[in-house]
Structures are given as structure tokens and as C-alpha cells.
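# got a predicted structure here, sequence first:
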Amino acid sequence: MKAKSIKGKSTEEIQSTLKQSMTDGFKPTLAICFISKSQDRMAITEILDSKDIAVFGCTTNGEFTDEETEKGSAAILLLDMNKDHFQIYFEEYPEKNFREVASNIAKKAAEKFSIPAFLIGTSHASTDGEEILQGIVDVVGTQVNAYGGAAGDDYSFTETFVFTNGRDSGNAMVCIAVDETKVEIKGIATCGWKAVGTEKIVTKSEGNHVYTVDNIPVLDITAKYGGLENVTAENNNLLVEIAANFPLQLQREKGDPIMRPGLQVDWTDHSFYTSGSVPQGSKVRFSLPPDWDVMEKVIKGVENLKETEMPEADALVVFSCAGRILSLGPLMSIELEGVKNVWNVPMAGMFSNAELGRATGGNLEMHNLTTCCVALKEK
């Protein structure tokens, strides 16, 4: 399989770079599109559609095709994958029946391919990524390879979108199912945030609403460990600082911890809502602000994936949490350069609102502050 990545800051630029990419006879069949809401994503989709290219698309908090990150642009990975080796599915979930919708897609994919694997994009802030993953596991089994991310909206926190040929929705999932007997797909989700302090017990929570840890309001104990000041509703920077630098680390019996940053505070009781479920009675630790080791861990994780499972790749797709670039800033380019250099193949990625994948030694779960790298190779 041949792959090329293109990028542009306008529909016209994408049209021009697409045309240029095909001058040597390259005929892509699939486009993985990460496009800012500021761009006309449906116009770009129509250009791709006119070339008979299937589209998997998400809006973003930033885009990249190499180590240089962009804002307000389009980053597209073009693949000439055999059309018999993949199928795109697009389904809305207006009833929030995430697991059921994902299961129905998985059933269709399992009928088409003996061993299906999945690349997933989701829209809408309320989407439960773990329910979607579980819906796929229900049908295909726990060994399934499934990766992806939640669409972004240029940090406006208003409305996100996924899209494909002729369809666009702020409340849906888009999914590429591939025939794993024909296309090898391997990925890894790595965070790198270091923990601090001893394990604490979540003493009261409901789903993703965490009330108390060790019987102390979660906002108060987070502020204590983070040394945060001006913990008030008037502090507009408080949530960004908590989410990006001081997430809860949900401990697991198996595998790496899962990041659960506080995203919305209930000031009546100093509880907060996190990005995913935090069961009552579970164990958590607090985090230190990120340093150089955060990037090194991601790069080493990807290097290990190459050494142990995926010696060669045709293309690379990256879902990196928007919180990482908020914390790491310009240093983010070092991480992306390190990731790209592992296989040195065409790459496209986005800064996402959440990441879907398997942490080192763990189960399929929804992550935050994580980089999910997915390597593809057609056999």
C-alpha cells in the first residue's frame, strides 16, 4: 500500500496538493481527514468524492502531517488501499445508545471480514467512548484492534463533527473497518504523566461525576496536591490548569493508569465531571505537571511497538490529546518528530478531545492526555 500525506489552509490548496500527489499515477482510495472547523470540510470532502476516494473525517483542535503542528488547516492521509480490504460506516446515536450503535456496526463488519479491526472517530461531548469500544468488543471479542479519537472544535468546546462522503454530524461515529487478514493494524496509547502521592480512594462518584476522594471534595484535594491558588469560579484558567497538568490517574489492576482530568466543576460542592467514568471505590493518584520524560515515554512506547509487533508500516495515524499541546507547547513538535522517525512513513494526526485505544498491557479504554499511535500495513 502506498501512502501520501497532504495539508493545506484552504480548499483550493487541498485541491492543488491532491492533484499534485496524483501526477505520478498514485490513485488513493481512502482519505483520513483531520480538518479544522474553520475550513469548509464538506467542500474538501466533495473534492475527494469526485476522485472516488472514501472519506473518514473528524474536526480537530489542531492538525499535523509531520512534526510541525498547525491550527485552522486540513491534514489528510491518502492511501491506495484495496477497496475490498476496508469499509466505512457512519451512524448517529441521537438516543445516546452508543454501545448498541457500535455493536450494530461491528456486526456488519464481522459479516464482511473474518477478522475486522477498527479506526474510530466520534463527535459530541457526551459521547461515551468506552461504551463504543465495549459495543465492538461485545461482537468481535476482547482481542479486537480498535483505535481512534474524539473530534475537536478548535478549543471552543461547543460542537464537534465527524464526516464522510455526503454525510456530516455533530452526534455520530465514523468508522473504518479493515480486513485484518489483509491489512495489519497495530497501535499503542501512551500518556507519560507521572503520579505523585499515595493511592487515594474515590469515596463518592456517579459515572464521570466525582464528588469526593478520601471523603474530601475532589476539587479541594486536587488543589492541595497541585498547590493551586485562586480556586474560584472567577478564575478562567483554573480548569485548563487542572485538566492539562493535574489529572486524576485511575489505577488499574492490569496495565497503565488511565487519565481522568476534571473538565467541569460543580461549585456547590466542589465536585467535578471528568472525561470518563471513575467508579466509586476505585483507587486514584494525583499527577505532577509534565516534563521532558512525558515525551520520551511516548516515543519509547512507539519504538517498542515497532520492535515487538510491527516491524514495518505503510502509514501512521496519530490521535494526540489537545491537553498535551496545552501543557507541552512548542515541545510537542519534538514528540511528533520522534514518533514519525520510528517508521519514517507518511503520517497524519489531530489534537483530539479523547483517545481510544489499548494502554500498555491494558484493555481497550477511553483516554485523555494521551497519544494514540496507529500503524497500518497492507499485506
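Perfect, I can see it now. Numbers count the residues shown, from 1 in each chain.
# residue ranges of the strands in the stretch 51-200 of the chain, please?
With DSSP state E, counting those that start in this stretch as the criterion, the stretch 51-200 of the chain has strands at 54-59, 63-64, 69-70, 74-79, 86-92, 116-122, 146-150, 162-164, 167-169, 172-179, 183-190, 195-206.
# now do the first one: everything it contacts.
So the one you mean is strand 54-59. 29-37, 41, 45, 48-49, 83, 86, 88, 119, 121, 123, 149, 151-154, 160-165, 174-176, 350, 352 (Cβ atoms under 8 Å, 6 or more residues apart in numbering). The way it works is simple: take the backbone N, C-alpha and C, and place the C-beta from them, glycine included.
# now it, how far from the chain's geometric center?
Here strand 54-59 is found 14 Å from its chain centre; the criterion is Cα atoms, centre = their mean, to the nearest Å.
# who does it pair up with?
strand 30-35 (parallel), strand 162-164 (antiparallel) (DSSP bridges).
# residues in contact with W292?
Contacts for W292 (Cβ under 8 Å, 6+ apart) come out as L331.
# and the pLDDT at it?
W292 carries a pLDDT score of 78 in this model.
# quick one, phi psi at it?
Here is the backbone geometry of W292 (degrees, to the nearest 10): phi -60, psi -30.
# hang on, the earlier thing: which of the contacts of strand 54-59 are buried?
Buried residues within the contacts of strand 54-59, defined by neighbour count using 16 or more other Cβ atoms under 10 Å: 29-37, 41, 45, 48-49, 86, 88, 119, 121, 123, 149, 151-154, 160-165, 174-176, 350, 352.
# if we can go back for a sec, can you lay out the strands paired with strand 54-59 as JSON lines showing distance to K340?
Converted to JSON lines, the strands paired with strand 54-59 look like this (distance: least, Cβ to Cβ, whole Å):
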{"stretch": "strand 30-35", "distance to K340": "15"}
{"stretch": "strand 162-164", "distance to K340": "25"}
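# closest to D291 out of these?
strand 30-35 (27.5 Å; Cβ to Cβ).
# what is the subsequent helix or strand relative to the worst-scoring helix or strand of the chain on mean pLDDT?
Ranking every helix and strand in the chain by mean pLDDT, DSSP states H and E puts helix 238-245 at the bottom, with a mean of 82. Toward the C-terminus, helix 238-245 is succeeded by strand 248-250 as the next helix or strand (DSSP states H and E).
# about what we covered before: nearest to G357, out of the strands paired with strand 54-59?
Going by Cβ to Cβ, the one of the strands paired with strand 54-59 nearest G357 is strand 30-35, 15.6 Å.
# packing partners for the least confident helix or strand of the chain?
helix 218-226, strand 262-266, helix 322-328 (3 or more Cβ pairs under 8 Å, 6 or more residues apart in numbering; DSSP states H and E).
# including mean pLDDT, mean neighbour count and distance to S10, could the ones you listed go into CSV?
Output for these, formatted as CSV (pLDDT from 0 to 100; neighbours: other Cβ atoms under 10 Å; distance: least, Cβ to Cβ, whole Å):
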stretch, mean pLDDT, mean neighbour count, distance to S10
helix 218-226, 93, 20, 41
strand 262-266, 86, 18, 32
helix 322-328, 86, 23, 23
